[in-house]
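Enquirer: Whatever this is, show me its structure:
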Amino acid sequence: MKTATRVSLTLITAAAVVALVVLDAGRTSPGDVSAVHAGIRGAFGRSDCEACHGSRAVALADACLECHAAIGAQLAAAEGLHGLLEPAAARDCASCHAEHHGRDFAIVSDHSFLKAGFADRASFDHGRLGYAMEGVHTVLGCAECHPHADAGVLPEGETRFLGLGADCASCHADPHQGRMAGTCESCHGQKEPFALVAEFVHNPRFPLEGAHGHTACLDCHPKEALHSVEALAGTTPPPAWRACADCHPNQHEARFTAGAACEDCHPNSHKSFAEAAALLTPEAHAASGFPLADPHAGLACEECHPRGLEGGFEARFPGRAADDCAACHEDPHGGQFLAGGGAASCLACHERHAFLPHVFGPERHALTSFALTGAHAEAECAACHETPAAPPGAPRLFRGTPGQCADCHADAHAGAFNADAASDGGRSCSVCHSTAHFGDVDRAAFAHAPLTGFALEGAHARAECEACHPRAQVPDALGRSFGRAAAASADDPSGCTACHQDPHGAAFDGAGRPSAVNGATGCARCHTLESFAAARGRGFDHGAWTGFALTGSHRLAACTACHEESADPAFPHGKLGPSSAKFPGPPQDCSTCHADAHGGALAAADGGAPGTDCAACHATTSFRALKEPFDHARVTGFALEGSHAPLACADCHARLRQPEAGGRRFARAAGDSCADCHADPHAGQFRPAAGGPADCARCHPVSSGFAPAAGFDHQRDARFALDETHRALDCAACHQSYPVSGGQPVVRYKPLGVTCKDCHGFR
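Expert: Prediction:
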């Protein structure tokens, strides 16, 4: 029985082992393959392991090459990265491309390149494959040439790095379409941009220097043309060598080119065709009909033949005669000397070798309509022949130059005599002046009234000219040293204030002042032309002229009490100054002249400034005379109500033994709060927390007297509302008297407790 049991256990154990082997045969061990291989599992029709690892008849490397035929071709031909590896290493695929590390494992990694002899993928040397990368290729990322370099799973039929050749056309379009012999690098290289053709060496028979060294290939070798790059480098026999005229048109006349080659004046070393002028000899220039004599001999070619002219070569080299100045030089006179439509010769007024100085002197000027006499004979030409102000850049004016004085000289009289000139049939400056000197004037013959419009009468007739026209030590910009009379006033050109300062500061010309007195206006209302002081004997209506009528004590005051005599030498004769000089401010306000005895404590009527409503209580006859009734509330802001109403003024304003500096005889009130006059019976219990006196009127209205506290509402004003029980209690039951240090006992109102235990305690 025991033997049968052992046999049974053995069979069961063997069966279990076989089952485990069978189950394990269906798994990929020792771990999951990469994502790229997981997608082709079972592709050979064998078990999973044999699909990649081969069988007894197929080696591991051969199994790999069944899928990677391109790698097998490299190994067979001993080329490419795999073909350059040692044979043993080339057959050991797993040493570079490990498997069974999970779906996310990259079987082509830096480890693969390390096994191939490189530190990592970025260190891979393409030169090992016969393709040395230079220039811009060295900074490219792998994926820029190998699109699938970073792909986790390659698309079907695609490769990661294979498939590219070393020739440029593998990646770049061939602009020559295969018609060029040799490699692209032989002309273009890799270090410089493609268009520079950095490695190309031009035929030494025609070196690319000067202007030719800066042209693009297509400028001389256009595509599909006889001399294209492809035609010259291809199998087609190259065309005959080109001459200068094959590319450049001949701009010269036959006399310039006879027996001469282009290179004589235009060598290839020049950067520009126009530099040929530097090689042109004076003899060759004379052949053009223009010998280079003074003043043209020392000029640079560019000064006569500037570049960039519209019209090209013909505009730059038009062919000119030596005496044809206008062909090169702009006429500075703007055609003023073109007579009869023909061309005037510049040499008629200017030397051949120099434009300046000209040869047009006073003798020739006398042949014109304006002979040079007096100071004009010494003047420079430019002093009279100036460039007109408009339009800008206009030539200097010669023909048609005006001949009147005012046309060239500024009017030193500022147009003061223009009206007289028109009425006198065109009176000119020569009536008073000569061409020799402007200051030569006959004063005795000068008619002041008709020429200036101002007749000299009274004190003016006796005055010297310089009294109104002071002579300046230095002439002004117009050369005038004889001063002008003061500018006339805007209202009356003959007004006194045009020359004389108004001693009254226009105080008598304001609104409400008399505009005329006995038909006289302005200063003549009070003064005459003989003397300013002549006005003293006339009566003066202070109210009409100043707007301030003299009443009461003001009528008895001396004028100098308000108007001090001025010490200003500009106003002699003991002139009285304005009242504002002594008392600045509005004359209607008493405080302008009088000190405010109340110190601004009394408000003004209608919201005015303090101290300006004195007339509300006082008259002009005497300050002591007060008007009745006195509105205490409006003027002081403190209404006399309740017990304050029957009080005498002296109860609050004690009479002073000696008047104050301002004449005040009553003392000022102590203040307008209760605490200023009355002692606080509550010892400061009701003073506000922010400071200041207590608001007594809140509980004790003035109209009802101090006691009782008619204005106090316990429910509203206290922290403790009275219920029926407490409302029946006497105030003293809760508010008891307490002694105060150094004083009478004081009833305590605050602070008091508001809870039951604060007053009743606990039993």
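Enquirer: how far away is the residue sitting nearest the centre point of the chain from residue 399?
Expert: Here the mean C-alpha position of the chain is nearest to the C-alpha of residue 392 (CA atoms, centre = their mean), at a distance of 31.4 Å. Residue 392 sits 20 Å away from residue 399, going by CB to CB, to the nearest Å. The C-beta positions use only the backbone N, C-alpha and C, and glycine is treated the same way.
Enquirer: Could you find the closest non-adjacent residue to residue 152?
Expert: Sequence neighbours aside, residue 35 is the residue nearest to residue 152 in space, at 6.3 Å (criterion: CB to CB, 6 or more residues apart in numbering).
Enquirer: and what of residue 199?
Expert: According to CB to CB, 6+ apart, the nearest residue to residue 199 is residue 189 (4.1 Å).
Enquirer: The one you found contacts residue 134, doesn't it?
Expert: Yes - contact criterion CB atoms under 8 Å: residue 189 and residue 134 qualify, at 7.4 Å.
Enquirer: These two: which is more packed in?
Expert: More neighbours surround residue 189 than the other of residue 189 and residue 134, with 17 against 12 (other CB atoms under 10 Å).
Enquirer: show me what contacts that one?
Expert: Residue 189 makes contacts with 134-135, 198-199, as judged by CB atoms under 8 Å, 6 or more residues apart in numbering.
Enquirer: mind redoing it with 10 Å?
Expert: 134-135, 196-200 (CB atoms under 10 Å, 6 or more residues apart in numbering).
Enquirer: name the element it belongs to?
Expert: For residue 189, there is no host helix or strand (DSSP states H and E).
Enquirer: Could you tell me the per-residue confidence at it?
Expert: Note for residue 189: predicted pLDDT of 85.
Enquirer: And for residue 317, the neighbour number?
Expert: Residue 317 has 17 neighbouring residues, counting by other CB under 10 Å.
Enquirer: Apart from its neighbours in sequence, what residue is nearest it?
Expert: Nearest to residue 317 is residue 305, by CB to CB, 6+ apart, at 6.1 Å.
Enquirer: surely the one you found meets residue 314?
Expert: No - using CB atoms under 10 Å, residue 305 is not in contact with residue 314, being 11.6 Å away.
Enquirer: And residue 140, how close does it get to residue 108?
Expert: In terms of CB to CB, residue 140 sits 19 Å off from residue 108.
Enquirer: can you give me the strands for the stretch 601-750 of the chain?
Expert: Using DSSP state E, counting those that start in this stretch, the strands of the stretch 601-750 of the chain run over residues 737-738, 746-747.
Enquirer: out of those strands, which comes closest to residue 654?
Expert: strand 746-747 (29.7 Å; CB to CB).
Enquirer: three-state assignment of the residue nearest to the centre of the chain?
Expert: Following DSSP: H, G, I helix; E, B strand; the rest coil, the label given to residue 392 is coil.
Enquirer: Where do the domain boundaries of the protein fall?
Expert: 2-145, 173-240+264-276, 593-670, 712-763 (automatic domain parsing).
Enquirer: just to revisit the earlier point, so how far is residue 98 from the residue nearest to residue 152?
Expert: 14 Å.
Enquirer: do the same with residue 329
Expert: From residue 329 to residue 98 the distance is 91 Å (CB to CB).
Enquirer: which of these two has more neighbours?
Expert: residue 98 (16 against 10).
Enquirer: Need the pLDDT of the residue nearest to the more buried one when sequence neighbours are not counted.
Expert: Leaving aside its chain neighbours, residue 98 sits nearest to residue 107 (6.7 Å; criterion: CB to CB, 6+ apart). For residue 107, the model assigns a pLDDT of 87.
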